[in-house]
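J.: no sequence on this one, just coordinates:
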């Protein structure tokens, strides 16, 4: 049976919270660029915007988000044909930036406690907003039911991962170490963002019964497929958000571990 990643939060305030986090992300990126002379945060934010928008366009144009997919932002209905642009800014930017902030605070600048405090504060904000959306989404109709193992999504997901890791290998140096910290930050961000929605029933795994209706997966089935979604579908297939700008020299990072 094909598992479906099912969600009801598209019209329950989720994108309002993403818009807020988008503004926070832009503020953080501009602060480090203008006040600290560090363009890495801006590069990561823009990388997330570009690649997230591209991914959403592929999902929507391929019909993988389901028929008549749309989302709402501050009461305005946004059709799928335009939503991918907004999702790139509202979802991709903060995702990539938060992942880099973890790398920066816990590996590149260990002596700067302010960065760790900033990361922790933003984590609490993200968790609070996700929990709020989870409550608001209760009782809302399903807005998207995406097959988790469509041939197209599996092919592109695996292809991107392989290409990104090969590029990182050719780059050499401390790339895999830096990537490991970035992915750890990404995994934490994904859990803070989506696990409250899972626990509150706004994002879950379902299967179709004999009549074609979506039935939520229960017990271990629901959990194992959701963990697959967290760590592969959401986090794993986005590793190139960091690897591409790193490999092509757009990120200026310390190489103090080389040699």
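T.: Now that the structure is in, tell me what you want to look at. Bear in mind the structure is a predicted one, so any value in this text is a computation, not a measurement. Numbers count the residues shown, from 1 in each chain.
J.: shaky segments in this protein?
T.: Along the chain, segments meeting pLDDT under 70 span 62-68, 80-81, 254-259.
J.: Could you pull out the helices in it for me?
T.: Counting by DSSP state H, the chain has helices at residues 14-34, 40-61, 80-87, 93-103, 113-136, 151-171, 175-199, 219-228, 240-247.
J.: Mean neighbour count, the ones you listed: which tops it?
T.: helix 93-103 (a mean of 28; mean count of other CB atoms under 10 Å). The C-beta positions use only the backbone N, C-alpha and C, and glycine is treated the same way.
J.: contacting residues around it?
T.: Identification of contacts with helix 93-103 by CB atoms under 8 Å, 6 or more residues apart in numbering yields 18, 21-22, 24-26, 28-29, 40-41, 44-49, 51-52, 115, 118-119, 122-123, 126, 178, 181-186, 188-190, 238, 241-242.
J.: now with 7 Å?
T.: 21-22, 25, 28-29, 40-41, 44-45, 47-49, 52, 115, 118-119, 122, 178, 181-182, 184-186, 188-189, 238, 241-242 (CB atoms under 7 Å, 6 or more residues apart in numbering).
J.: circling back to that earlier point, distance to residue 208 for the helices of the chain - can I get that in CSV?
T.: Putting the helices of the chain into CSV (distance: least, CB to CB, whole Å) gives the following:
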stretch, distance to residue 208
helix 14-34, 24
helix 40-61, 19
helix 80-87, 22
helix 93-103, 30
helix 113-136, 24
helix 151-171, 17
helix 175-199, 20
helix 219-228, 14
helix 240-247, 32
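J.: And those helices: which comes nearest residue 234?
T.: helix 175-199 (4.9 Å; CB to CB).
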